[in-house]
Each structure stands twice: as structure tokens, then as C-alpha cells.
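K.L.:
got a sequence here, can you model it:
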Amino acid sequence: MADRTYRYVIVGGGLAGASAVESIRERDQDGTILLLGNEKHLPYHRPPLSKKLWTGQKNVSQIRVHDFEFYDEKDIDLEMGIEVVAIDPVRKTVTESQGASYTFEKLLLATGGVPRRLSAPGGDIDCICYYRTIDDYLRLRHDLAKGRTAAIVGGGYIGSEIAAALNGQGIEVTLIMHGSWPARRIFPEGLGMAIKADYIAHGVRFIDNDEPARIDRIVERYAIQTKEGERLESDILIVGVGIDPATGLARKAGLEVGDGVVVDECLRTSHPDIYAAGDIAFFPYKALGVSTRIEHWDNALNQGRIVGRNMAGAREPYDYMPYFFSDMFEFGFEAVGDVDAGLDTFADWQEENAKGVIYYLRDGQVRGVMMCNVWDKVDAARALIRKGGKVSESDLRGAIGVKIDKLLESGTSS
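P.N.:
From the prediction side, this is the model:
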């Protein structure tokens, strides 16, 4: 017997879940809502964990999506610090680890992702920081008072941003990464090597094209042996090598799962009353004509908004093009679309490797755009990608912010 019945149950206390309850309440002022989160904290924005919390531009209380008063005023029940262990799609119940269960009419899975673990011996040492949550941030802040050296494994967003953040705190940082430059999956080689040189100028040390082979805990320090024979010791060890979508509940419930929980254009799963959004949703990306999964803040925010409306009776397709962003010392960017360094690229620089626009192309068509220290041009980039059609380098030179209107009108090309 379920403890209580709700019209809407949201499993996942992140941005997608919090955005969903807000948009549900905009359409349905009376339906009962339960939000279940496995962290003890209210839903919060994750980007500041590697950005503004370190620069002092934000504090922990300021990164909440909503404060307690919002949930009270909107009559939303919260159960935080709760692990959901089972979903029964036939009985339409959700069960948590303490045995309580809840019946739902509509269910949202917004369970996010789980940090990938190192497979090397010692990768399971408890005090290694697999950085993802507020608690990880608070613990790292505490640990910095006791140590002045940090090793970071992973050269993607988290590793690169945390390396810059800790360097700004006066920490001696060594970054161990698979590639030859940070964020190699999105940066073309020229830009990537320029960013790496900037990191080195700031004092960050790199061990590139390498990974840990063994990790030992010696007193209160870490000893790391790499596959290529490097050895280093550090006070702090942080790992940021990506996440895996938390699809376990969906899989056990018999929902269709691939690289994430498979959803249709309205973010509905293979069960008509169960939806998925955020990092776990494998959805049709209409503007690019592919199905994919996106692990970025803007996607979670906007999928949450749409899925909440759809749970409350709308039938709105998710055709939004999410953007993403990063800050690496003085270099910042905003990007949208398929930003894959394996595609053909054309860089239109105002200042080489510092300010300008990179276009990512397949068969002469723009698939993605990265604006490097160029701001407020995301909508123009979206329009260019949606327009389609082949373009030449001369078409693209100065296109964003200079001749975008003419290019969009003509649509053409070489």
C-alpha cells in the first residue's frame, strides 16, 4: 500500500526536476506534487561549482534554483536526501530505500548522472574527490586549508575549470589528461594548444597523453603512478572524467534505455505516463536531425520547463537548441549545436585563439558554432544552424554579428 498518492512525482532533485515543478504549477495550480532528491540540499545550479563559487561571485545559498519559500508557496512536497530504489510502472508506484512508497499519475525521471570512476588500482579510495556536488565543493574548500598541491585527472570541462579555479586559490595544480590539450573533443588543435600554453603560463603543470595506472594513499597524501611512468604526489586528488547517465531505475522498470532513457519529442518515455529530462534523456534533436543526450545546464533547464508543461497536459515538442559555456582563466566561450573537433572547422578570428568564432561543418553545412570571448550571439548562431544549406569560408567570415542577416536571407554558399 502506497503511503500517499500524487498527481505528479519527480524523481531527481536537480535543475531539470526543479524547472519541471515550476512549469507544472503554472498549468495546474491544484495537482499534488512530490519532489524526491537524493542530495540533502535543495535543487541548485551546478555550473557555479567550478566557476563563480571559487571567484566569490556567488555563495552556496545563492545557487539554489528556488528557496524554501517557493516550495511552500507552490504547495510542493519535498523529500530530500532520499534514495529511490524502485519504480513499478504497472502499479504506478515509486519506492524509496526506507520502504515508503508513493503512487503517481505522472512521473518524471530526472536522475542526472553519476561520475565515472577510475579503473586503476586505488581508484576506489574513499577520500578521492569525484567532483560533482555541493558537498564535493564544501569538502574541497575544507581540504584546501590542509594542503597546497592538487592532482586533477581529466582534461574536459570539470577538470579544466577546476584546475583554473584552484590555481586562482594559490594551489599548485597538475592536470593529467588523455589528450595533448584541454577539452580536446571540442577545441581544434590550434586553439587547444593556445589554451594549454595559457594554463602553463599561469603555473598549471600538465601530464598529457597519460592516465593513472595506480593510486596509493600514503599518510595524508596521494602517490600517483601513471601508465607512461610518471610519478607524483599531491595533497588533494580530484577526478573529472565524465558522467554516466543514472538510468538504473528506468532500466529496472522496463523502460527503453540506450545512451540514456529514450524519449519522444515531448520527452515521454516508452511508458505513456513516465517522462525523462536532463542528463538522462536521449531525445530527438530536431535542428540537427539526430537523437542524442546532452549534459549541459541550459538543456536541463529547458527540458525541465517543457516536460513539466507536458506532464500537466500540454503537447509541446522540445525543439529548443541548448547552448553551453565555459570559463578558463581569461578565455570564455558560448557554443551551440554539434561542437565536435572531429568535424571540419573554420575559425574567423578577430584576435587569433583569443577572440572570434569557430564554425563546425559537415559537408559544407554549419552544424555548430563556438563564440570565443564573443558574447550575446547565441541566437544568431542558432539561426545559422537551423538555416542549413552549404556555405563557404567567405560566407562565414564575419558572419556572426556582422553579416548574419544577409547570410540567413540568402542561405547560400560557395
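
K.L.:
poorly predicted segments of the protein, please.
P.N.:
Of all residues in the chain, those with pLDDT under 70 make up the ranges 1-2, 401-414.

K.L.:
and if we set it to 50?
P.N.:
For the chain, applying pLDDT under 50 flags the ranges 1, 412-414.

K.L.:
can I see the domain layout of it?
P.N.:
4-113+244-311, 129-239, 330-410 (automatic domain parsing).

K.L.:
what about the first one, start to end distance?
P.N.:
Spelled out, it's domain 4-113+244-311. 19 Å (C-alpha to C-alpha, to the nearest Å).

K.L.:
repeat that for the second one.
P.N.:
Taking C-alpha to C-alpha, the first and last residues of domain 129-239 lie 6 Å apart.

K.L.:
Y320 is nearest to which of the domains of the chain?
P.N.:
When those are compared for distance to Y320 using C-beta to C-beta, the nearest one is domain 4-113+244-311, at 4.8 Å. All C-beta atoms are positioned from the backbone trio N, CA, C, and that covers glycine.

K.L.:
quick revisit: redo the domains of the chain as TSV? Include mean neighbour count and distance to P317.
P.N.:
Output for the domains of the chain, formatted as TSV (neighbours: other C-beta atoms under 10 Å; distance: least, C-beta to C-beta, whole Å):
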stretch	mean neighbour count	distance to P317
domain 4-113+244-311	20	4
domain 129-239	18	27
domain 330-410	17	15
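
K.L.:
and the ones you listed: which comes nearest P121?
P.N.:
Nearest to P121, of all the domains of the chain, is domain 129-239, at 4.9 Å by C-beta to C-beta.

K.L.:
distance between the closest one and the chain's centre?
P.N.:
Domain 129-239 has its C-alpha centroid displaced from the chain centroid by 19 Å (C-alpha atoms, centre = their mean, to the nearest Å).

K.L.:
which non-adjacent residue is nearest E330?
P.N.:
With sequence-adjacent residues excluded and distances taken as C-beta to C-beta, 6 or more residues apart in numbering, E330 is closest to D198, at 7.4 Å.

K.L.:
again with R251
P.N.:
Setting aside the residues directly before and after it, R251 is nearest to V257 in space (C-beta to C-beta, 6+ apart), at 4.9 Å.

K.L.:
how close does the residue nearest to E330 sit to A335?
P.N.:
If you measure D198 against A335 using C-beta to C-beta, to the nearest Å, the figure is 19 Å.

K.L.:
just V357 next, same as before
P.N.:
Relative to A335, V357 is positioned 10 Å away (criterion: C-beta to C-beta).

K.L.:
dump the domains of the chain into CSV; add distance to Y320 as well.
P.N.:
Formatted as CSV, those follow (distance: least, C-beta to C-beta, whole Å):
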stretch, distance to Y320
domain 4-113+244-311, 5
domain 129-239, 20
domain 330-410, 9
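
K.L.:
can you count the residues close to I128?
P.N.:
Summarising burial for I128: neighbours were counted as other C-beta atoms under 10 Å, giving 19.

K.L.:
now the helices for the stretch 151-300 of the chain?
P.N.:
According to DSSP state H, counting those that start in this stretch, the stretch 151-300 of the chain carries its helices in the segments 157-168, 189-202, 248-252, 297-311.

K.L.:
now do the next helix or strand after the longest one and helix 189-202, the angle between them.
P.N.:
Spelled out, it's helix 297-311. Using DSSP states H and E, the helix or strand that follows helix 297-311 towards the C-terminus is strand 323-328. Angle, strand 323-328 to helix 189-202, by axes from the mean of the first three to the mean of the last three C-alpha atoms, to 10 degrees: 40 degrees.

K.L.:
using CSV, write out every CA atom in strand 323-328.
P.N.:
These are the backbone C-alpha positions of strand 323-328, laid out as CSV (Å, rounded to 0.1, in the frame of the first residue of the first chain):
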residue,chain,number,x,y,z
TYR,A,323,23.8,26.3,-25.6
PHE,A,324,26.8,25.7,-23.2
PHE,A,325,29.6,27.8,-21.9
SER,A,326,32.9,27.6,-20.0
ASP,A,327,35.5,29.9,-18.4
MET,A,328,39.2,29.0,-18.4
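
K.L.:
by contact count, what packs against that strand?
P.N.:
helix 157-168, helix 189-202, helix 297-311, strand 331-337 (3 or more C-beta pairs under 8 Å, 6 or more residues apart in numbering; DSSP states H and E).

K.L.:
mind putting those into CSV with distance to G12?
P.N.:
CSV is the format used below for the helices and strands packed on strand 323-328 (distance: least, C-beta to C-beta, whole Å):
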stretch, distance to G12
helix 157-168, 20
helix 189-202, 33
helix 297-311, 10
strand 331-337, 25
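
K.L.:
closest one to Q225 among the ones you listed?
P.N.:
helix 157-168 (19.0 Å).

K.L.:
just to revisit the earlier point, adding distance to S234, write the helices of the stretch 151-300 of the chain out as TSV.
P.N.:
Supplementary listing: these in TSV, determined by distance: least, C-beta to C-beta, whole Å:
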stretch	distance to S234
helix 157-168	11
helix 189-202	17
helix 248-252	32
helix 297-311	29
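
K.L.:
and of those helices, who's closest to S291?
P.N.:
Scanning the helices of the stretch 151-300 of the chain with C-beta to C-beta as the criterion, the closest one proves to be helix 297-311, at 13.7 Å.

K.L.:
quick one: that closest one to chain centroid distance?
P.N.:
Its chain's average C-alpha position is 14 Å from that of helix 297-311, according to C-alpha atoms, centre = their mean.

K.L.:
so that helix versus strand 331-337, what angle?
P.N.:
Helix 297-311 and strand 331-337 are oriented at 40 degrees to each other (the same axes, to 10 degrees).

K.L.:
for the remainder of this discussion, apply numbering that starts at 37.
P.N.:
All set: I'll call the first residue 37, so the last point we hit is now helix 333-347.

K.L.:
what about the closest residue in space to G204 that isn't next to it in sequence, which helix or strand?
P.N.:
Spatial nearest neighbour of G204, chain neighbours left out: W90 (6.4 Å); criterion: C-beta to C-beta, 6+ apart. Using DSSP H and E, the secondary-structure element containing W90 is helix 88-91.

K.L.:
what helices or strands is that helix leaning on?
P.N.:
Of the remaining helices and strands, those touching helix 88-91 by 3+ C-beta pairs under 8 Å, 6+ apart are helix 193-204.

K.L.:
give me the contacts around the helix it packs on.
P.N.:
The set of residues that contact helix 193-204 without belonging to it, under C-beta atoms under 8 Å, 6 or more residues apart in numbering, is 86-87, 90-91, 167-168, 180, 186, 188-189, 209, 211, 213, 218-219, 235, 238-240, 274, 276-277, 362-365.

K.L.:
thank you kindly, that will do.
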